[in-house]
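**Student:** my questions are about this predicted structure, shown below with the sequence.
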Amino acid sequence: MSNVLIIGAGIAGLSAGIYARKSRFDVMMCEAHSIAGGNCTSWRRKGYLFEGGLHWLTGSGMEQPLHKVWREVGALRDESRITNGDPFMVCDWHGQRVSLYRDNVKLETHLCEVSPEDMPRIRELCRDIRRFSSFAMPVTDIPRLKVSEKSPSIIPSGLKMLPALARILPLSALSVTDYAARFRHPAIRLLLMSVVNPNYDAVALLVTLGCFASGDGGYLEGGSLTLTANMVKRFEELGGIIRYNTKVTKVQIVNGRACGVVAGGETIRADAVIITSDTLTAIDTFFDVPLREKWMRTMCMNMNRNGVLLMCSFVSIGVETDLSDLPESMTFPLEKPIEHAGQRITHLAYKLYADSAGYAPKGCSAITLIITGNTYDYWKQARDQGCYDEHKKELFEQICTALEKQLPAIKGKVAVWDVATPLTYERYCGTWHGSWMTITPPGTKRVFYPCRLKHIGNLYFAGQRIMPPGGTPPAVSTGRTAVQYLCRDFGAVFQS
C-alpha cells in the first residue's frame, strides 16, 4: 500500500485525505495549526463564537451535483441541519428597508414596488436569476481513470444550463459595480454590491443569486467548525492520521519524484505528496529551487497582472443584548465615510448571529463584518513599527461607532471585540499576503490550473488557487481531482 503525505488540513486537504483513504492509500496529513479547517474556521472569544469562514454552502441543496461530494466526504450527514434564511440580505437606506429575497418571484415584486423606475432592469435581473438557477458546478472524472462508481454524465445538467451560458459573455465583461450602477435606486445598487465582492465580474453575482433561488446556498448549523469537524471525523474513521502543529518546510524531490517532506526538522517519507496549502506560497518556499512549470508561471503572471487577491480585515463584536428581531444580514450606507489604510469605506455590511445556538451567551449576540481591500502593506508596516494592536483598536472603534448609529441597542453593550487582519490569515493559514480568494476581473479569461506537474512525478496540488475564485466548492473539488490523478498514476481504483 502506497503512503501519501498531504500538506494542510483545510477543506482541500481533508477532501484529498478522505478520497485517498477510500482508494486504499495510507494517508498522513501535516497541519501547521492546532486545528483543522484552514481558511474555513471560526474562533471563540469570552463565550462568543465568531464565524470566520462559512456564510453559505454551495451544494447544500440535495439536487445539486456537489451535494453528493459533500456527503461522500462526510461534511453533510443525515443529521445535518441546513437553513435558507430569506431574505438573504437587507439594505437599510436611511430608514427604507429593501430586501434581497431568495424567492425570485417575491424578489421581483418587492423590488418593482420599491423602484418602479427600475422595473425593466429588475425584470432583466430576475430573468437572469432564473437562467442561472439551473447553473451548477459539475462533478466529473478525469480521463482514463479506473473508478468504483462513474460520475453521472454532465450532458443533462449542461442542457439545463444553456440559457445561462448565453448570458456569460456579456455579463463577464461587466464588474458587479458596473452591473449595479445600471439601477437608479441606491439601495438596490448597494444590495447587489454587497452579495459578492464588487470587483468580481457580474457572472459571479448571477451565479450566486441563481444558487439562492434554486434552494441551494444554505447555512450549515454550526458553520465552518461543524463542516470541518465532520470531515475530520470521516477521515479518522477511515484510518487517516493528522499531525497538528506540524509545519512542513520542504518537499523532498529525488530523481524527479516527490518522496517525502521535512517538517519540524524531521524527514517524513512518502510515495506521493499532495500540497493543499496556498499554491503561491508553496511553489516559492517548499523547494530548493522555486517551481516554475508553465501553468505556475501563468498563475503568478495572472496574480501580478490580472488577478485581484482578495484580502480582508475581519471585525468581530460580541454584544450583551438580544438582536434576534433584526435581519441576519444587513448593509447600510455610512453618514460619514471611514478612512482606513488609505481606503475610503462608504458602507458597511454585517452578519448577525442572534438566533443561532452556541454563538453567544443567552440574551447576547455575535456580529461580524468583513472589510475587504489590499491592506497587507499597511498592517505589515504597523507591525514592524510596533503599533499593530493600536491600529486594530482604531479600526474597531471606527466600525463600532458607525455600527452604534445603525444599531443604538448595542451602545455601551460591547463585551468583546476582535480584529483579524491579512497578517492573521498569513500567520495561521499560510496564505500569500493573507489573501483567501482570487478574483478574475471583468474581461479576463478564467483559468483553472492542473492538479499535477509534468516534470516532477508523484506531486499533486489542490486548493483555492487551483480553481479561482476559490472557496469551499473548489477546495473540496480540487482535493477530489488531485486524488483521481494520484489513483491514475498509481494504477489504483478511485473510490468515491
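**Tutor:** Sure thing, it's come through.
**Student:** for the rest of this, base every contact and every neighbour count on C-alpha atoms.
**Tutor:** Noted.
**Student:** pretty sure residue 44 sits in a strand.
**Tutor:** Yes. Counting by DSSP: H, G, I helix; E, B strand; the rest coil, residue 44 falls inside a strand.
**Student:** need the contact list for it.
**Tutor:** When contacts are counted by Cα atoms under 8 Å, 6 or more residues apart in numbering, residue 44 touches residue 50.
**Student:** now do stretch 101-110, average pLDDT.
**Tutor:** Mean pLDDT, stretch 101-110: 98.
**Student:** domain assignment for the protein?
**Tutor:** According to automatic domain parsing, the chain comprises the domains 3-59+221-306+441-490, 85-214, 312-432.
**Student:** from residue 321, how far out is residue 348?
**Tutor:** Using Cα to Cα, to the nearest Å, residue 348 is found at 20 Å from residue 321.
**Student:** how about the helix or strand that residue 295 is a member of: buried residues?
**Tutor:** Per DSSP states H and E, residue 295 falls inside helix 294-305. Judged by neighbour count (16 or more other Cα atoms under 10 Å), helix 294-305 contains these buried residues: 296, 299, 302, 303.
**Student:** could you check how far the third one is from residue 203?
**Tutor:** It refers to residue 302. In terms of Cα to Cα, residue 302 sits 19 Å off from residue 203.
**Student:** do the same with the last one
**Tutor:** If you measure residue 303 against residue 203 using Cα to Cα, the figure is 20 Å.
**Student:** sorry, back to before: looking at the domains of the chain, which is closest to residue 70?
**Tutor:** Proximity to residue 70, assessed across those by Cα to Cα, is greatest for domain 3-59+221-306+441-490 (7.3 Å).
**Student:** residues contacting the helix holding residue 295, please?
**Tutor:** 280, 309, 449, 450.
**Student:** which element follows it toward the C-terminus?
**Tutor:** strand 308-310.
**Student:** and that following strand, what does it pack onto?
**Tutor:** If contacts are counted by 3 or more Cα pairs under 8 Å, 6 or more residues apart in numbering; DSSP states H and E, strand 308-310 sits against strand 437-439.
**Student:** partners of the strand it packs on, with directions?
**Tutor:** strand 308-310 (antiparallel) (DSSP bridges).
**Student:** mind checking the SS state of residue 369?
**Tutor:** strand.
**Student:** show me what contacts it?
**Tutor:** With Cα under 8 Å, 6+ apart, residue 369 has these contacts: 314, 315, 316, 348, 349, 350, 351.
**Student:** run the last query once more with 6 Å
**Tutor:** By Cα atoms under 6 Å, 6 or more residues apart in numbering, residue 369 lies in contact with 314, 315, 350.
**Student:** could you do residue 418 as well?
**Tutor:** Per Cα under 6 Å, 6+ apart, neighbours of residue 418: 315, 316.
**Student:** what's the mean pLDDT across the helix or strand that contains it?
**Tutor:** Using DSSP H and E, residue 418 maps to strand 414-420. Mean pLDDT, computed over strand 414-420, is 98.
**Student:** check stretch 184-204 too.
**Tutor:** Averaging pLDDT along stretch 184-204 yields 95.
**Student:** buried residues in it?
**Tutor:** So for stretch 184-204, counting by 16+ other Cα under 10 Å, buried means 185, 187-204.
**Student:** that one: end-to-end distance?
**Tutor:** 21 Å.
**Student:** off-centre distance for it?
**Tutor:** From the chain centre to the centre of stretch 184-204 is a distance of 18 Å (Cα atoms, centre = their mean, to the nearest Å).
**Student:** got the contact list for it?
**Tutor:** 91, 93, 171, 172, 174, 175, 176, 177, 180, 441, 442.
**Student:** may I see the buried residues of the helix or strand hosting the third one?
**Tutor:** Just to be clear, that refers to residue 171. Secondary structure assignment for residue 171, by DSSP H and E: helix 162-172. For helix 162-172, a neighbour-count test (16+ other Cα under 10 Å) marks 163, 164, 168, 171, 172 as buried.
**Student:** flag every buried residue along the helix or strand containing residue 426.
**Tutor:** In this structure, residue 426 sits in helix 422-429 according to DSSP H and E. Neighbour-count burial for helix 422-429 flags 422, 423, 424, 425, 426, 429 (criterion: 16+ other Cα under 10 Å).
**Student:** spatially nearest residue to residue 363 (excluding sequence neighbours)?
**Tutor:** residue 322 (4.8 Å; Cα to Cα, 6 or more residues apart in numbering).
**Student:** specify the local secondary structure of that neighbour.
**Tutor:** Secondary structure of residue 322, per three-state DSSP, is coil.
**Student:** quick one: it and residue 353, what's the gap?
**Tutor:** On the measure of Cα to Cα, residue 322 and residue 353 end up 10 Å apart.
**Student:** quick one: which of those two has more around it?
**Tutor:** residue 353 (26 against 19; other Cα atoms under 10 Å).
**Student:** show me what that one is bridged to.
**Tutor:** On the basis of DSSP bridges, residue 353 is bridged to residue 366.
**Student:** pLDDT at it, what is it?
**Tutor:** Looking at residue 353, the pLDDT reads 92.
**Student:** next one: stretch 291-310 to chain centre, how far?
**Tutor:** Computed by Cα atoms, centre = their mean, the separation of stretch 291-310 from the middle of its chain amounts to 19 Å.
**Student:** gap between the two ends of that stretch?
**Tutor:** Where stretch 291-310 begins and where it ends lie 24 Å apart, using Cα to Cα.
**Student:** what of stretch 166-178?
**Tutor:** 19 Å.
**Student:** helix, strand, or coil at residue 348?
**Tutor:** strand.
**Student:** also the one 10 residues further on?
**Tutor:** Here residue 358 takes the coil state, with states given by three-state DSSP.
**Student:** all strands of the stretch 101-250 of the chain, in order?
**Tutor:** 219-220, 241-243, 248-254 (DSSP state E, counting those that start in this stretch).
**Student:** circling back: in CSV: the domains of the chain, plus distance to residue 75.
**Tutor:** Below are those laid out as CSV (distance: least, Cα to Cα, whole Å):
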stretch, distance to residue 75
domain 3-59+221-306+441-490, 5
domain 85-214, 16
domain 312-432, 19
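**Student:** figure out which of those is closest to residue 67.
**Tutor:** Nearest of these (Cα to Cα): domain 3-59+221-306+441-490, 4.4 Å.
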